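S.K.: fold the following and give me the result.
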Amino acid sequence: MVKVVKSTILDAPIDRAWDVLRDFNGHDRWHPAVADSQIERGRASDCVGCVRRFHLTDGSLLREQLLSLSDIDLAYSYCLLDTPVPLFNYVSHVRLLPVTDGDRTFWHWESSFSAPNGRADEMSAMVGEQIYEAGFEAIRAHLAAA
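M.R.: Prediction:
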């Protein structure tokens, strides 16, 4: 099992960061790798069990399911249902915590998954850099522009 853990500090109040990240169908508005997204079957994007179907900018189709969402803990979890890359049993957790020094936000993003033999390092780097770190930078820009 591969585990990827990344975290960052956002120069924004936690309520502003949560408003953006809480929307399970909103990542196409801020993540540079996501071209479009929709929730299947017309469900609400904060309904546990909903499935988001989205395309990456390269045209790849992915589906992810919301497993949990807590406004009290400012956290959610999701899993990959369909993906063109060899990530198996992928489950991810996002959690925000307040940083009271400067009214900032601590963002913790982690996942665990299996990868084919010999590809664990490649898949770990792809998730950590192209998804998580790119997402951190994109959220910073998104919050600054808002």
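S.K.: contacts for the longest helix along the chain, please.
M.R.: Counting by DSSP state H, the longest helix found in the chain is helix 134-145. Helix 134-145 has contacts (CB atoms under 8 Å, 6 or more residues apart in numbering) with 6, 8, 10-12, 16-17, 20-21, 27, 29-33, 107, 109. All C-beta spots, glycine's among them, are computed from the backbone N, C-alpha and C.
S.K.: now that helix: how far from the chain's centre is it?
M.R.: Distance of helix 134-145 from the chain centroid (CA atoms, centre = their mean, to the nearest Å) equals 13 Å.
S.K.: try stretch 113-122
M.R.: Using CA atoms, centre = their mean, the distance between the centre of stretch 113-122 and that of its chain works out at 20 Å.
S.K.: which parts of it are buried?
M.R.: Under the neighbour-count criterion of 16 or more other CB atoms under 10 Å, stretch 113-122 has 113, 115 buried.
S.K.: stretch 25-37 too?
M.R.: Buried-residue list, stretch 25-37, by 16+ other CB under 10 Å: 25, 26, 27, 30, 31, 33, 34, 37.
S.K.: now do the contacts for the fifth one.
M.R.: Looking back up the chat, that one is residue 31. Taking CB under 8 Å, 6+ apart as the test, what residue 31 contacts is 131, 134, 135, 138.
S.K.: could you dump whichever strand or helix holds residue 36 to PDB, C-alpha only?
M.R.: Assigned by DSSP states H and E, residue 36 belongs to strand 34-39. Coordinates of each C-alpha in strand 34-39 appear next as PDB, following Å, rounded to 0.1, in the frame of the first residue of the first chain:
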ATOM      1  CA  VAL A  34      -9.700  19.400 -14.200                       C
ATOM      2  CA  ALA A  35     -11.500  20.500 -17.400                       C
ATOM      3  CA  ASP A  36     -15.100  19.900 -16.300                       C
ATOM      4  CA  SER A  37     -17.100  18.100 -13.600                       C
ATOM      5  CA  GLN A  38     -20.700  17.100 -12.900                       C
ATOM      6  CA  ILE A  39     -22.400  15.100 -10.200                       C
END
